[in-house]
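Q: Next input, structure requested:
(2 chains)
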Amino acid sequence: MTTQSRIEAVYEALAVAIDTTEATAGQSATPVYLAKLVLALAHAMDDPAKVMQLIDQCRNDL
Amino acid sequence: MRPAGRSETDSLYFTYPQFDAPGPDAARQGRHRVIVAGAGPIGMTAALSLAAEGVPVLLLDRKDTFNDGSRAICIARSSFHILERIGALSPFLEKALGWTTGRSFYRGRQILEFHMPDSPDEKFRPMYNLQQQYIEAYLWQAVAAHPLIETRWQTEVTGVSDLDDGVTVRLRDPAGDYSLSADWLLAADGARSPIRAMRGLRLRGANYEGRYVIADVQMDHDYPTIRRALFDPACRPGGTVLIHRQPDNIWRIDYQLQEGETAEEATREDTVRASVAAVLKDIGHDGPWELEWWSVYSANTLALDDYRDGRIFFVGDSAHIVPIFGVRGLNNGLADAQNIGWKLAWVLTGRAGEGLLDSYTPERRGATLDVFANATKSTRFMTPPTRGWQILRDAALSLALQEEWAGQLANPRQMQPYTYADSPATLPNDQAWTSGPVPGAVIPSAALAQGDFLTDRMGRGFTLLCFGKAPAVTTGPDLSVLALDPIDHAAAVLGATAGNAWLIRPDLHIAARWRDMPSEAAVQAAMDHVTARQEART
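A: So this is what the prediction gives:
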């Protein structure tokens, strides 16, 4: 699986997960779900400096 | 639709011909080998494919001119090979605008530049832009000049009934109603196919919510032939805009309808003019422009379960409707037309058994399902169907402003030729091969030392392409042999070594391959299998 296809798989899974989350717990659950996911990924990544950098970077261009 | 005061065929740059209804010498009874219903690009390509193999065709269309408007404008490289095989290529090469590059922008900033595969080994560019009325006009030049094709304009199919060995087609023209029979009927009568409805057949699949207006404007605009996609532009907040250059200073602008906007509102002339003006301002065009034509569409992935119904084959949009993102509708239809064209011709001229026709649906419906898989991804990005897809799309676009990899998510995945794996009209792949094009794939293009290309050397029928000394096989119209030196550049392109051989079908798809030079018996056995000839002989 190429890097691109791995990202596409994540993109698709996350889109479906958000729709499923909203169908079962409502739209207000989405920010919590996404924040929870980020925390879990940050823990799995085990690179606090990179996580902090991405937290800042992703606030741009919203 | 066109601006007030202009008819549907009153174009700024194209003169639509007026075709007469059949004259008194047109036979109003009798039997034909093949009737093709629909003289659009797909019907004409099917007719030319059949006629090229010596099969007479009666081509019908209820209109008295070409389809109005530019419609399908992107012709893929694979389609140029088809146009070349049916003898219609020359005017396309002269007029169409070749392109390789696309750029995507988010809120006015570029997030992606993609380049479609291209190299000196390719005879044609990966994509060409040309308005559909030119496509039809150039195909018509070839159709009108072909002695084996009779065309009847202003002739509508009003009914179809089955015979044991054919179909009866009821027709209506200005002189009245009559019936003709045919061995086979090709329904190339478009997305709203009357023949499909008459047979009680339905397309199945998905409809997407997002709707687009497509508008053509004529203007002097200094930008190369590069496809532009604008996401969340100032002119259309939250929406998407696509811009394509066409010949004759015509520019195609596709823009998404805004939430809550109806198709009726969006296609009013004043609304279209205001929307187009906003897009042009966004891309920095402050000169004059004229509105040429516009229409509206929604993205669908719909197909028949079976492209054959008795003695009727459905071809092009009558068999499937695909989203335009990735330019697959016309190109997929042209491949349908070529596929059924050569197969039916071989059956009708006694060179193949009717079993060959059984490969049409699996090959072409398989291609459509492959198109659906790719087009669905593109469509979800262009017009996110739910909040989940919308959030991800917006996140990807925002991230793409800083991260190049995220921009790749906006890549529209242009059409690639489909590999007919597991088709009854190909042989199974020899698993001992570890590289090179497999059975079912299109033979790759390769530049030859003499200045021509590998595809230029393919025969009208099957071609045995071998590297090294050619085997002693009987050649003729059905089979030609092309022997190349194993040190030729083409060998490198195919990953071939001395003794390797490929059997290429008339549509340039690979039927079989051998690691060691095949005997004549092996080649004939392969052709017998692919063409179902054994069945025809027994």
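
Q: When you work out contacts or count neighbours from here on, use the C-alpha atoms and nothing else.
A: OK.

Q: distance of B:Ile243 from B:Gly108?
A: In this view, B:Ile243 and B:Gly108 are 14 Å apart by Cα to Cα, to the nearest Å.

Q: And the two? Which one has more around it.
A: Per other Cα atoms under 10 Å in any protein chain shown, whichever of B:Ile243 and B:Gly108 has more neighbours is B:Ile243, with 21 against 14.

Q: Specify the beta-bridge partners of the more buried one.
A: B:Arg228, B:Ile253 (DSSP bridges).

Q: can you tell me which residues contact it?
A: B:227-229, B:251-254 (Cα atoms under 8 Å, 6 or more residues apart in numbering or on different chains).

Q: nearest spatial neighbour of B:Pro424, skipping sequence neighbours?
A: B:Ser359 (5.7 Å; Cα to Cα, 6 or more residues apart in numbering or on different chains).

Q: which phi and psi does the one you found have?
A: Note on B:Ser359: backbone dihedrals following degrees, to the nearest 10 are phi -90, psi -10.

Q: count of neighbours near it?
A: 22.

Q: So it is in contact with B:Ala425, correct?
A: Yes: applying Cα atoms under 8 Å as the test, B:Ser359 and B:Ala425 come out as touching, 6.0 Å apart.

Q: what's the distance between the residue of chain B found nearest chain A and B:His221?
A: With Cα to the nearest Cα, the shortest gap between chain B and chain A falls at B:Gly388, namely 4.3 Å. Counting by Cα to Cα, the gap from B:Gly388 to B:His221 is 38 Å.

Q: higher neighbour count, the two?
A: B:Gly388 (22 against 18).

Q: quick one: secondary structure of B:Pro437?
A: Under DSSP: H, G, I helix; E, B strand; the rest coil, B:Pro437 falls in the coil class.

Q: pLDDT value on it, please?
A: pLDDT for B:Pro437: 93.

Q: Is there a neighbour count for it? I'd like the number.
A: 21.

Q: ditto for B:Gly87
A: Counted with other Cα under 10 Å, B:Gly87 comes out at 15.

Q: just to confirm, which helix or strand has the closest residue to it other than its chain neighbours in it?
A: Among residues not flanking B:Gly87 along the chain, B:Ala142 sits closest, at 7.2 Å (Cα to Cα, 6+ apart). B:Ala142 is located in helix B:132-145, with elements delineated by DSSP states H and E.

Q: Can you tell me what sits against that helix?
A: Outside helix B:132-145, the residues touching it (Cα under 8 Å, 6+ apart) are B:14, B:40-41, B:44-45, B:47-48, B:66-73, B:87-88, B:91-92, B:149, B:151.

Q: Pull out the buried residues from the residues you listed.
A: B:40-41, B:44-45, B:47-48, B:66-73, B:88, B:92, B:149, B:151 (16 or more other Cα atoms under 10 Å in any protein chain shown).

Q: does B:Val167 sit in a helix, a strand or a coil?
A: B:Val167, by the three-state scheme (three-state DSSP), is strand.

Q: what sits opposite it in the beta ladder?
A: Here B:Val167, judged by DSSP bridges, has bridge partners B:Asp162, B:Ala182.

Q: so it touches B:Gly159, yeah?
A: No: the pair B:Val167 / B:Gly159 is not scored as a contact, 10.2 Å apart, by Cα under 8 Å.

Q: For chain A, which segments are assigned as helices?
A: Secondary structure of chain A (DSSP state H): helices at A:3-25, A:29-45, A:48-57.

Q: Out of the ones you listed, which is closest to B:Glu264?
A: helix A:3-25 (30.2 Å; Cα to Cα).

Q: Just give the nearest non-adjacent residue to the residue in chain A positioned nearest to chain B, would you?
A: Closest contact between chain A and chain B, by Cα to the nearest Cα, is at A:Ala15 (4.3 Å). Counting by Cα to Cα, 6+ apart, A:Ala15 lies nearest to B:Gly388, which is 4.3 Å off, once chain neighbours are set aside.
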